[in-house]
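Student: Output the structure for:
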Amino acid sequence: KDAARDRICESLFLCNILGGLGMLLLVCFPELGLSMVLPKGAPAMEYAAPYLRLRALSMIPALMSATGFAAYRGMLNTVTPLKVSLATNTMNLVLDPLTMFGSRSIGFVGAALATAISETAGGLIYLKLLLRRKLVKLSQLIKPPSWKSLMPLIQGGLAVLFRQAALNAGFVTATRRAQAMDPTGVSAAAYGIVMQIYVVGIVVHVAMQGTAAALVPAALAKSGKDEARSVADRTFIWASIVGVLLSLAQYAATPFLVPVFSTLPEVQEAVKAPALIASFLHVLNGPTFAGEGIMLGLARYKALASITTVGIGIMVGCLASPLGKRLDGILLSLAAFSAFQAGAVVYEYLKIGPLSRRLKKSKLVIKTT
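Tutor: Predicted coordinates for the structure are as follows:
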């Protein structure tokens, strides 16, 4: 328990440092970050900058929440994070209309303020829960940990950070392409609607990823590789089934959901083909997120970062081609990334990783000889 407390406190210390730097950068210079998405002189910059400035205020609490969620996932406790998520999202749901439309509202940026407040509440809730379990000491949160103790955390963290940076670069490129596609904003609006609907399914995939990241290493530590392999196999199967169901559900629901986002006929027409491709992506995302979760649980950070970087390279290459000049082409570029990612993580699991069948067969051959 002492070792677990030390690791959590070290993570929270880094959250304070890195989150503070990120918050200062985005609060003081929001245009700098937005320039990666919006072209110079874009009319949306006037509205996006104040929104991002308020949204960035919760960066430290958001990182604290992520650390708290990871700590509870490590304890195989998924109920507590669910309760925290329900509480913070309910708070956000209540605050949104108050900050946007109330008597003292601040307009559309009120949504950013509401989210920042709810995320701050989430971070504080996790901190209180960890203090109650004696997994955090307040004195350790402001005490810099030794370099020796930080090295394993930094090594694993850098690989994860590099992977996340690659993902952000790829999806920012896609968003920038959509934003600059036409001056009317129809393509940008259609892309935003498609991604809003698509992300709902991603939430489910992330849950499957977290399940794999928790259950597979737990089975490995408790019962050995055969049981871990069995758990991983079941995770792949169920994640693939969930992916197919999400694909069908999104395809069926899209005609009813799009009018909720926009009543403009040209926007609704522009959504049709990209929405169809986005629905298909969930079929690929099922095994992808399961495989990523298994790799994360087995600490295969560098291998996962390498796979993601190559996949993003393929996606950016597609976006730089004539495909990137059409809205459905942008979604096809995402499909190319997802297809490569799915194939790569499955191959890694079956042929290269610590639970691979090839490794098991080679060991059996050695034993028999």
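Student: Which helix or strand contains Gln140?
Tutor: Using DSSP states H and E, Gln140 sits within helix 138-141.
Student: Equivalent analysis for His282, please.
Tutor: helix 265-297.
Student: list the buried ones in the helix holding Gln140?
Tutor: Gln140, Leu141 (16 or more other Cβ atoms under 10 Å). For every residue, glycine as well, the C-beta is placed using N, CA and C.
Student: Touching it from outside, list them.
Tutor: Outside helix 138-141, the residues that touch it by Cβ atoms under 8 Å, 6 or more residues apart in numbering are Arg5, Asp6, Cys9, Leu12, Phe13, Asn16, Leu131.
Student: tell me what whatever helix or strand comes next after the helix holding His282 is packed against?
Tutor: Heading C-terminal from helix 265-297, the first helix or strand you meet, by DSSP H and E, is helix 301-320. Here helix 301-320 touches helix 147-179, helix 265-297, helix 327-347, going by 3 or more Cβ pairs under 8 Å, 6 or more residues apart in numbering; DSSP states H and E.
Student: How about Ala114, nearest residue that isn't a chain neighbour?
Tutor: Nearest non-adjacent residue to Ala114, counting by Cβ to Cβ, 6 or more residues apart in numbering: Leu95, 3.6 Å away.
Student: Buried residues, whichever strand or helix holds the one you found. List them.
Tutor: Following DSSP H and E, the helix or strand that holds Leu95 is helix 79-101. Residues Thr80, Pro81, Val84, Thr88, Met91, Asn92, Leu95, Asp96, Thr99, Met100 are the ones in helix 79-101 that count as buried (16+ other Cβ under 10 Å).
Student: could I get the residues you listed as JSON lines with distance to Ile294 and pLDDT?
Tutor: Shown next, in JSON lines, are the buried residues of helix 79-101 (distance: Cβ to Cβ, whole Å; pLDDT from 0 to 100):
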{"residue": "Thr80", "distance to Ile294": "23", "pLDDT": "88"}
{"residue": "Pro81", "distance to Ile294": "20", "pLDDT": "87"}
{"residue": "Val84", "distance to Ile294": "25", "pLDDT": "90"}
{"residue": "Thr88", "distance to Ile294": "28", "pLDDT": "91"}
{"residue": "Met91", "distance to Ile294": "34", "pLDDT": "92"}
{"residue": "Asn92", "distance to Ile294": "32", "pLDDT": "89"}
{"residue": "Leu95", "distance to Ile294": "37", "pLDDT": "89"}
{"residue": "Asp96", "distance to Ile294": "37", "pLDDT": "87"}
{"residue": "Thr99", "distance to Ile294": "41", "pLDDT": "86"}
{"residue": "Met100", "distance to Ile294": "41", "pLDDT": "83"}
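Student: Tell me the one of those nearest Tyr198?
Tutor: Asn92 (20.5 Å; Cβ to Cβ).
Student: pLDDT averaged over the host helix or strand of Ser65 - what is it?
Tutor: Ser65 belongs to helix 59-74 when assigned by DSSP H and E. When pLDDT is averaged along helix 59-74, the result is 88.
Student: Just the angle for that helix relative to helix 79-101, thanks.
Tutor: Helix 59-74 and helix 79-101 are oriented at 150 degrees to each other (axes from the mean of the first three to the mean of the last three Cα atoms, to 10 degrees).
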